[in-house]
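Q: How does the following fold in three dimensions:
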Amino acid sequence: MALAGVLRAQTPTPRPPAAPEPPASADDVVRFRGGADVVVLHVSVRDRRGRDLDNLPQSAFTVMEDDVAQPITLFTNEDAPVTVGLIIDSSVSMLPIRDQVIAAAAAFAEASHPRDDMFALAFNERVRPALPERAPFTADPGVLRTALMSTIEARGRTALFDAVSAGLDYVTRGQFERRMLVVISDGGDNASRTPFDRLMAKVQASNAVIFTVALQDPYSPGGDTKTLRTLADASGGQTFAPKNMKDVVEALGVIAHELRHSYTIGYAVPHPDRAGTRRIRVDVEPPDDQRVVVRSRTSYRVGEPQADGLPLR
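A: Below is the predicted model:
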């Protein structure tokens, strides 16, 4: 298998027909204000064999900011819904695999939480929402797939930085404060108005976690897996580098699993009036003292950049 740093994933099981869901209660939905005054961390904890450790108590976690322990004000390990956006390359390089990428995105939606707030942006030299403004989010994988079929054109140039920037703005409109972006692209950019350093500052100031799937384009040397890895690492996410469409489906299955098997930790920003970058470390000591592998973001920026205001067209 050719996935960077990925364990084998179960093939997503198709969802049965959805029954009407009761309204989510305050107990099973993570709702709190992120942004300038709260840091939101999404933390993955696995044992040395790569198995998820889902039931650790809050007492097992210590959050350090610039080497100072921070009081944890929110902690959950529940399989709660998230606001998640698919940011999908729609440039000409996607032409040979357009339909397979759409099918893989639909499979990802099927494997996600049934109440997730999902959206999608397709991008070439323009960034376009797949869903209409009157209904900018959906929990229905079928609706999302139909929207992607009508939006992904596989033509034109590539404005990756503009698309990720727009996704960071769009995801804040969702009803859940757990926020994720899944970027599917070869990593090249030849059309953005957003400079990369501006985008990185925005990523570091956002509470959204970015997962990237670096597609391999055999006909173009313009791909850039390193850029996709940099974006993911800055947010506490992960990068996958599949070599074929089967591995793309598997990578998206791993991401869907990750969204449902992670901890959400929140703490108040110390000295919020001091702009700059803060270092973060999450230490985990399980009750049985076993060795664990922890993944979360390692820094954030105080002083969130303003939205770029790039139009979605």
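Q: So the residue nearest to residue 58 when sequence neighbours are not counted: helix, strand or coil?
A: Using CB to CB, 6 or more residues apart in numbering and skipping the chain neighbours, the partner closest in space to residue 58 is residue 75 (4.2 Å). Placement of C-beta: from N, CA and C, glycine included. What DSSP: H, G, I helix; E, B strand; the rest coil gives for residue 75 is strand.
Q: how about residue 75, what does it touch?
A: Neighbour list for residue 75: 58, 61, 263, 264, 265, 266 [criterion: CB atoms under 8 Å, 6 or more residues apart in numbering].
Q: Closest to residue 117 out of those?
A: Residue 117 lies nearest to residue 264 out of the contacts of residue 75, by CB to CB, at 15.2 Å.
Q: what about the closest one, which SS state?
A: Three-state assignment for residue 264 (three-state DSSP): strand.
Q: In terms of pLDDT, where does residue 83 sit?
A: Listed pLDDT for residue 83 reads 97.
Q: which residues of this protein fall in strands?
A: Along the chain, the stretches classed as strands by DSSP state E are 38-47, 61-65, 68-70, 74-76, 83-89, 117-123, 127-129, 179-185, 209-214, 239-240, 263-268, 276-284, 292-295, 299-302.
Q: which helices and strands does the first one pack with?
A: Strand 38-47 makes packing contacts with strand 61-65, strand 263-268, strand 276-284, strand 292-295 when contacts are defined by 3 or more CB pairs under 8 Å, 6 or more residues apart in numbering; DSSP states H and E.
Q: quick one: strands adjacent to the last one?
A: Listed by DSSP bridges, the sheet partners of strand 292-295 and their directions read strand 38-47 (antiparallel).
Q: neighbours around the nearest residue to residue 89 once chain neighbours are set aside, how many?
A: Nearest residue to residue 89, sequence neighbours excluded (CB to CB, 6+ apart): residue 185, at 3.9 Å. For residue 185, the neighbour count with other CB atoms under 10 Å is 28.
Q: I'd say residue 185 and residue 228 touch.
A: Yes - between residue 185 and residue 228 there is a contact under CB atoms under 8 Å: 6.9 Å.
Q: what's the overlap in contacts for these two?
A: Here residue 185 and residue 228 have 212, 213, 214 as joint contacts, going by CB under 8 Å, 6+ apart.
Q: Could you export the residues you listed as JSON lines, including neighbour count, pLDDT and distance to residue 112?
A: Compiled in JSON lines, the shared contacts of residue 185 and residue 228 are given as follows (neighbours: other CB atoms under 10 Å; pLDDT from 0 to 100; distance: CB to CB, whole Å):
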{"residue": "212", "neighbour count": "30", "pLDDT": "98", "distance to residue 112": "17"}
{"residue": "213", "neighbour count": "31", "pLDDT": "97", "distance to residue 112": "15"}
{"residue": "214", "neighbour count": "25", "pLDDT": "94", "distance to residue 112": "21"}
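Q: per-residue confidence for residue 37?
A: pLDDT, the model's per-residue confidence, is 83 for residue 37.
Q: quick one: contacts for it?
A: 268, 269, 272.
Q: Could you identify the buried members of these?
A: residue 269 (16 or more other CB atoms under 10 Å).
Q: ok, the contacts of residue 37 vs residue 288, which is closest?
A: Minimum distance to residue 288 across the contacts of residue 37 is 30.7 Å, recorded for residue 268 (CB to CB).
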